[in-house]
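In: quick one, structure for this:
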Amino acid sequence: MLRAVIFDFNGVIVDDEPIHQETFCRVLAEEGIYLSAEEYHEKYLALDDRSCFQAILQVNRRETSDPDMEELIRRKAAYYAEAIRQKLTFFPGVLDLIPQTAQRYRLAIASGAARREIEQILNRGNVRQYFEVIVSAEDFSEPKPNPEVFVKTLALLNRSNPDSSPPLSAEECLVIEDSVAGVEAARSAGMRCLAVSNSYPRERLAEANLVVPSLMGIDLDRLESLFLVERRKKP
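Out: Numbering: from 1, shown residues only. Below you'll find the model as predicted:
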């Protein structure tokens, strides 16, 4: 039985993956490191800011101190905030789906984005109030495809409502993801996964229980259907 829906953020709710790529490239270029859009998309898209910078600097054999790393993250965050102020795009259907799902299920965010970015954008979309739990980059250490973010989200959902009987289990959670690493993390956490092909072609997301081109028109009955049969369903 479906009892909770866990949304990824970047690439699922807000169409900002190109902005993250552009701002990473801008900061790295200032450090004399070139990162192509293709390399970012293939290797680093699912990582939070710190993990992304760490991985790229390691590949380029660059050592950096903690203060230097914090400065890279700060500059990237400033560029991102500037870009979002100028253009903020939500994916089609998602601002309708969120309040619909909240009528029947508990909702959470599980993302490698910074909490301040998540909160700011959800408030601008007038949907912050629907999410009981937000797990952001500050709350876990191992990026996707490690399942830590989803395990932590489940624990916080149970902690936020200790009187819920019985407690939520992983088998009762549906994750909505857009990345290959995110799908793998959700499945490793024992959760079912609906993947949206916003960032990767559907064949790369085949490990999800369902792959759709958009959240537009997705209704609660379709989400519930993923918990009625064990076999992978096709849209």
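In: going by C-alpha atoms from here, please, whenever you check contacts or count neighbours.
Out: Fine.
In: residues of the helix or strand bottoming out on mean pLDDT in the chain that come out buried?
Out: Across the helices and strands of the chain, mean confidence by mean pLDDT, DSSP states H and E is lowest for helix 37-39: a mean of 89. By neighbour count on 16 or more other C-alpha atoms under 10 Å, the buried set for helix 37-39 is empty.
In: which helices and strands sit right next to that helix?
Out: With contacts defined as 3 or more C-alpha pairs under 8 Å, 6 or more residues apart in numbering; DSSP states H and E, helix 37-39 has no helix or strand neighbours.
In: beyond that helix, next helix or strand please.
Out: Under the assignment DSSP states H and E, the closest C-terminal helix or strand after helix 37-39 is helix 49-59.
In: helix, strand or coil: sort out the nearest residue to residue 172 once chain neighbours are set aside for me.
Out: Counting by C-alpha to C-alpha, 6 or more residues apart in numbering, residue 2 is the residue found nearest to residue 172 once chain neighbours are left out, at 4.7 Å. Following DSSP: H, G, I helix; E, B strand; the rest coil, residue 2 is assigned to coil.
In: residue 2 reaches residue 224, doesn't it?
Out: Yes - counting by C-alpha atoms under 8 Å, residue 224 is a contact partner of residue 2 at 6.3 Å.
In: would you mark the buried spots in stretch 72-83?
Out: Quick answer for stretch 72-83 (16+ other C-alpha under 10 Å): 72, 73, 76, 77, 79, 80, 81, 83.
In: and residue 234, what pLDDT?
Out: What the model reports as pLDDT for residue 234 is 45.
In: in this structure residue 143 contacts residue 51, no?
Out: Yes - contact criterion C-alpha under 8 Å: residue 143 and residue 51 qualify, at 7.3 Å.
In: the two: which is more packed in?
Out: residue 143 (21 against 17; other C-alpha atoms under 10 Å).
In: what sits against that one?
Out: Going by C-alpha atoms under 8 Å, 6 or more residues apart in numbering, residue 143 touches 46, 47, 48, 51, 112, 149.
In: could you do residue 49 as well?
Out: 73, 112, 113.
In: same thing but at 10 Å, please
Out: Residues near residue 49 by C-alpha atoms under 10 Å, 6 or more residues apart in numbering: 20, 24, 69, 72, 73, 74, 76, 77, 112, 113, 114, 137.
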